[in-house]
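K.L.:
give me coordinates for this.
(chains A and B)
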Amino acid sequence: MIKFISTRFLYGFLVLFGALIVVFFLFNVLPGDPVAMMAGQRTDVSTREAITRELGLDQPLPVQLGYYLNDLSPVSIHKNTEANEKNYEYKKLFTVNDKVVVVKYPYLRRSFQTNKKVSEIIFENLEGTFWLAFAAMLFATVFGILFGMMASVKPNSLLDHSTISLSVLGISAPPFVMGALIAMVFGYYLSDYTGLNTSGQLWEDDLTGRKLVLKNLILPAFTLGLRPLAIIIQLTRSSMLDVLSQDYIRTARAKGLRYYKIILKHALKNALNPVITAVSGWLASLMAGAFFIEYIFNWKGIGSVTIDAVYKLDFPVVMGTTLFVALVFIVINICVDILYAAIDPRVRLH
Amino acid sequence: MSANGGKKDEFLLDVRNLKTYFKSEDNIVKAVDDVSFQLKRGETLGIVGESGSGKSVTALSIMKLVPNPIGQIVGGSILFNSPDKGIIDLTKISEREMQHERGNEISMIFQEPMTSLNPVYTCGDQVMEAILLHQKLSKKEARQKTIELFEKAKLPRPSDIFDAYPHQISGGQKQRVMIAMAMSCNPSVLIADEPTTALDVTVQSRILELMSQLRDENNMSIIFITHDLGVIAEIADRVMVMYHGKVVESGTTYDIFNNPQHPYTKGLLACRPRLDMKLRVLPVVSDFMEKDESGNIVEKKDHKFSSVGHALLYNFVSEDEIKDRQDDLKKKEPHLKVKDLQTYFPISKGLFGKVTDYVKAVDNVSFDVYPGETLGLVGESGCGKTTLGRTILRLIEPTGGDIYFEGKSIKDVQGEDLRKLRKDMQIIFQDPYSSLNPRMTVGEAIIEPMRVNGVLDSDFQRRRRAVELLETVSLSSKQFERYPHEFSGGQRQRICIARALALNPKFIICDESVSALDVSVQAQVLNLLNKLKEDFNFTSIFISHDLSVVKFMSDRILVMNKGKIEEIGYAEEIYNHPQSEYTKKLINSIPKGDLAAIRNAMLKRSQGR
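P.N.:
Numbering: from 1, shown residues only, chains lettered A, B, ... in the order given. This is a model prediction of the structure:
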């Protein structure tokens, strides 16, 4: 099992590295000049050159990549200066001439625009995205499995047909349309009855300080969860129907077990594997930023920060958030693999 | 708990005029059509019939497990003499009451042990579940009882098997777990639906032994369903023959084997390939029966054979003829030479998939096949026979050794040359259901290999040839544009044969080509293959797990075990004077169905009771 997990981590690391390389070079072929964005239109050539040199943008691309990797690596080499020590917050291991080998947390650099540490930016916005994605997925998973199961128990019944038709609607409606509609209807027209707003954050400041406003989560999470919900319903249904036609379900019936027990104990556990894959995939991609939803409901999260940074050619922020999202993907997928093995003993073989 | 005791001759089950119909959108299939029978305590009733005869549906009807709402019991009654409730009609009681009987008083084991156990629970859990459901025992006691049951079912290391998942144990062991589960509440009636069909013969004979032993110990009744009359002879006291949802004949096992009355029963008995004599052509069911104008089954009027014995005598090949043929064959140079052939599959482990060991599927195998000969390749599942067949065709790459076809080595032939070689060497696979592309018409399927290999000049000619081939395999030219799903299993296998013949190959490998078919259909396909062998004059390797089928088809037999050759020799020699222990075991495990054995078994049973 340990070997299984460590293999997964190794593969995950390779994926992370691949993502880094791709984003790095993609960003560098983008049209536009980050220095101009930082310094404004009117600055003279020498100032711009100074900024360019300071950011290391005058170096050839492979060297830039090398520096970036060095910043990222937990074990790295830097010039032994006090400024560096303050910046990287490293622990010195040993010094070689004027260089020092150090251990540190991966350094994601500072935003070109705000000079804030990228790691800080990510952590500030992470909470919003996380709770939004989590709430959406929880909603989608619980109701998706429930409705899917109900539909599969009586195939071709009225309940089955109406569930399926509604879920097709859920899959085909684009999130930005649904988002705008839901925000307008429930957050504006019906706001008096629902008590919900079109926009708002999880934490809101008032006179007494920060306050948790859970109701602000409801509309964005619901909107975000609609599509996964529809897909989970369909997946659970078809997977359950498949399992219910298996021989071992007949064996369970031949034992004299009651129907609900067969559904809950013998069928559901077998039917959940494809559902878990879907859930994890969605969770990962929702974590990666629900751009439209965050934008429509004015929700503070990773997605909105990333978009903003791309507009402003804020290289460190784009790199940082991308790497972070990739990391989230990988970790979630590893968790799912482990979960698989826990549910289905046959997976442990490989 | 209740099966013990009770009067000997009282009935346990009395099925009267049972009718189970399946409804589809445009028609009604009468799967079970007016079936009546009785089952006495301690008795074993065998139900025989081909697929679609309604034997399994009869069993599912008794369990009330007929797939709803497509199938329904529409008439008749199933009276069950319940030890604690008296006589009840199973067709009338509620689902809730039925759940009390299922697994408790009437239990069932199924054909496919591989898929009949839930893959995500341990074997022990699944057996324990049935015990906890029907008996008032604590979890600890139930666990103890489960392990005892596993011991009774002769499972090795019962406490390990308790914690093992189904995929970790073999097919035979899974069926033993199923038997332990079915026996867990001491049922009065055990219904076994083809319990040994998916298993090897040696495993089959051990499972049959176990079942009769448990039956006698617990004074239980068994309904044993199978398509194989040989198996029936081993275990059943009485036999009921079913055909198209109806019972055509029933009687004691001895009577059915000794003096079958119904033409269908006669056909069924005659069409089994026999080990004790060499037949030219297998008799088929249609030699004995036909349908009259009103659709009733009657004895064929201008029948060739009046009885089973007559049919065998008519086809008997004398020893001299066999000898002549054997001498003839070896005069020529071998058509195919296999030398020290090895096919290993790597077992990889570790971070980078480092190869730590090999599965030696084919391990240093050498043999020759002479022109016009049929070499039978027999062995149990996992012995490497299929891998050997596929390696010869280069569908799997050999690890070592050499293969010579018509004197030339074909081990390293690549690209265009390999394709040309494939034209001369064809294969007919086991499963006619999955080896035809469902979206391609039958005609297209036959034309395709001709087109790929540039046989004949135009598609027009190829079409004509395909129609000819369809007629050769006894299908009609009208079926050219049909799709595979419109055909039965036997017909599909004929199509596969026609497809293989389209290239006029010199060499054909039949890989378990009749294993998925009913005995009666199997006889037809085997006869067809034999006839084609003469007409097209090809050499062949016939792979099967069934020694009687192999013996009927082959001149020489090669017995394989664990990737190695156990024995090779003339078919008659192998059967009459097996040299290796393994071959002897294999031959002894085959259900013979001969009269003396049945009579002895019945005598023993009647004394025992």
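
K.L.:
surely B:Lys64 and B:Leu90 touch.
P.N.:
Yes - the criterion here is Cβ atoms under 8 Å, and B:Lys64 meets it with B:Leu90 at 6.3 Å. Quick note: C-beta positions are derived from backbone N, CA and C, even for glycine.

K.L.:
please enumerate the shared neighbours of the two.
P.N.:
The contact sets of B:Lys64 and B:Leu90 overlap at B:Met98 (Cβ atoms under 8 Å, 6 or more residues apart in numbering or on different chains).

K.L.:
so who does residue 258 touch?
P.N.:
Since you didn't name a chain, this refers to chain A. Taking Cβ under 8 Å, 6+ apart, we find A:Arg258 in contact with B:Gln99.

K.L.:
looking at chain B here, not the other one
P.N.:
By Cβ under 8 Å, 6+ apart, the residues touching B:Asn258 are B:Leu595.

K.L.:
quick one: pLDDT of it?
P.N.:
We have a pLDDT of 88 for B:Asn258.

K.L.:
got the phi and psi for it?
P.N.:
Main-chain torsions, B:Asn258, degrees, to the nearest 10: phi -80, psi -40.

K.L.:
ok, now B:Ile396?
P.N.:
Dihedral pair for B:Ile396: phi -120, psi 140, per degrees, to the nearest 10.

K.L.:
excluding covalently adjacent residues, which one is nearest to it?
P.N.:
Closest residue to B:Ile396 apart from its sequence neighbours, by Cβ to Cβ, 6 or more residues apart in numbering or on different chains: B:Arg390 at 4.6 Å.

K.L.:
repeat that for B:Tyr344.
P.N.:
Excluding the flanking residues, the one nearest B:Tyr344 by Cβ to Cβ, 6+ apart is B:Tyr358, at 3.9 Å.

K.L.:
hang on, that neighbour is in a strand, isn't it?
P.N.:
Yes - the assignment for B:Tyr358 (DSSP: H, G, I helix; E, B strand; the rest coil) places it in a strand.

K.L.:
residues touching it, list them.
P.N.:
Residues near B:Tyr358 by Cβ under 8 Å, 6+ apart: B:344-347, B:399.

K.L.:
anything in the longest helix anywhere in chain A near chain B?
P.N.:
Scanning chain A for the longest helix, with DSSP state H as the assignment, gives helix A:118-153. No - using Cβ under 8 Å from any Cβ of the partner chain, helix A:118-153 stays clear of chain B, with a minimum separation of 12.6 Å.

K.L.:
after that helix comes which helix or strand?
P.N.:
Next helix or strand after helix A:118-153 toward the C-terminus (DSSP states H and E): helix A:158-172.

K.L.:
can you check what angle separates that following helix from helix A:118-153?
P.N.:
On the basis of axes from the mean of the first three to the mean of the last three Cα atoms, to 10 degrees, helix A:158-172 is oriented at 150 degrees to helix A:118-153.

K.L.:
how far off centre is helix A:158-172?
P.N.:
Chain-centre distance of helix A:158-172: 27 Å, with Cα atoms, centre = their mean, to the nearest Å.

K.L.:
point out the residues in chain B that sit beside chain A.
P.N.:
Checking chain B against chain A by Cβ under 8 Å from any Cβ, the hits are B:63, B:65, B:95, B:98-104, B:107-108, B:110, B:112, B:115-121, B:126, B:129-130, B:133-134, B:165, B:167, B:178, B:181, B:350-351.

K.L.:
cutoff 6 Å now
P.N.:
Counting by Cβ under 6 Å from any Cβ of the partner chain, chain B comes close to chain A at B:65, B:99, B:102-104, B:108, B:112, B:115-118, B:120, B:130, B:133, B:165, B:167, B:351.

K.L.:
narrow the residues you listed to just the buried residues.
P.N.:
Buried members of these, scored by 16 or more other Cβ atoms under 10 Å in any protein chain shown, are B:65, B:99, B:102-104, B:108, B:112, B:115-118, B:120, B:130, B:133, B:165.

K.L.:
closest one of those to B:Gln38?
P.N.:
B:Met108 (18.9 Å; Cβ to Cβ).

K.L.:
centre of the chain versus the helix or strand harbouring the closest one, how much separation?
P.N.:
With elements taken from DSSP H and E, the one containing B:Met108 is strand B:106-109. Offset of strand B:106-109 from its chain centre (Cα atoms, centre = their mean): 21 Å.

K.L.:
quick check: what element follows that strand along the chain?
P.N.:
helix B:113-116.

K.L.:
next SSE downstream of that following helix?
P.N.:
Toward the C-terminal end, the helix or strand that comes next after helix B:113-116 (DSSP H and E) is helix B:123-134.

K.L.:
for that next one, which helices and strands make contact with it?
P.N.:
The contact analysis (3 or more Cβ pairs under 6 Å, 6 or more residues apart in numbering or on different chains; DSSP states H and E) places helix B:123-134 against helix B:139-152, helix B:171-183.

K.L.:
now it: average pLDDT?
P.N.:
For helix B:123-134, the mean pLDDT works out to 92.

K.L.:
put the alpha carbons of that helix into CSV.
P.N.:
Output in CSV follows, covering the C-alpha atoms of helix B:123-134 (Å, rounded to 0.1, in the frame of the first residue of the first chain):
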residue,chain,number,x,y,z
CYS,B,123,-16.4,-14.9,1.1
GLY,B,124,-17.0,-15.3,4.9
ASP,B,125,-19.1,-12.2,5.2
GLN,B,126,-21.4,-13.3,2.4
VAL,B,127,-22.0,-16.7,3.9
MET,B,128,-22.4,-15.2,7.4
GLU,B,129,-25.0,-12.8,6.1
ALA,B,130,-27.3,-15.7,5.1
ILE,B,131,-26.8,-17.3,8.5
LEU,B,132,-27.5,-14.1,10.5
LEU,B,133,-30.5,-13.4,8.4
HIS,B,134,-32.3,-16.7,9.0
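
K.L.:
quick one: distance of that helix to the chain centre.
P.N.:
Relative to its chain's centre, helix B:123-134 lies at 30 Å (Cα atoms, centre = their mean).

K.L.:
can you list contacts of it?
P.N.:
Helix B:123-134 has contacts (Cβ atoms under 6 Å, 6 or more residues apart in numbering or on different chains) with A:255-256, B:103-104, B:142, B:145-146, B:161-162, B:164, B:177, B:180-181, B:184-185.

K.L.:
go again using 7 Å as the cut-off
P.N.:
The contact list for helix B:123-134, computed with Cβ atoms under 7 Å, 6 or more residues apart in numbering or on different chains, reads A:255-257, B:103-104, B:117-118, B:137, B:142-143, B:145-146, B:149, B:161-164, B:166, B:177, B:180-181, B:184-185.

K.L.:
one more: stretch B:528-540?
P.N.:
B:335-336, B:369, B:371-374, B:473-474, B:494, B:497, B:501, B:504-510.

K.L.:
what residues of that stretch count as buried?
P.N.:
Neighbour-count burial for stretch B:528-540, counted by 16+ other Cβ under 10 Å, picks out B:528-530, B:532-533, B:538-540.

K.L.:
so which of the residues you listed are in strands?
P.N.:
Using DSSP state E, the subset of these located in strands is B:539-540.

K.L.:
show me which pair in the buried residues of stretch B:528-540 is furthest apart.
P.N.:
Greatest spacing in the buried residues of stretch B:528-540, by Cβ to Cβ: B:Leu528 and B:Thr539 (17.3 Å).

K.L.:
roughly how far does B:Ala445 sit from B:Ser476?
P.N.:
Distance, B:Ala445 to B:Ser476, by Cβ to Cβ, to the nearest Å: 16 Å.

K.L.:
neighbour count: the two, which is higher?
P.N.:
Remark: of B:Ala445 and B:Ser476, B:Ala445 carries more neighbours, 20 against 9, as counted by other Cβ atoms under 10 Å in any protein chain shown.

K.L.:
for the more buried one, what is the enclosing helix or strand?
P.N.:
Assigned by DSSP H and E, B:Ala445 belongs to helix B:442-452.

K.L.:
quick one: list the elements packing against that helix.
P.N.:
Applying 3 or more Cβ pairs under 7 Å, 6 or more residues apart in numbering or on different chains; DSSP states H and E, we find helix B:442-452 packed against helix B:459-472, helix B:489-501.
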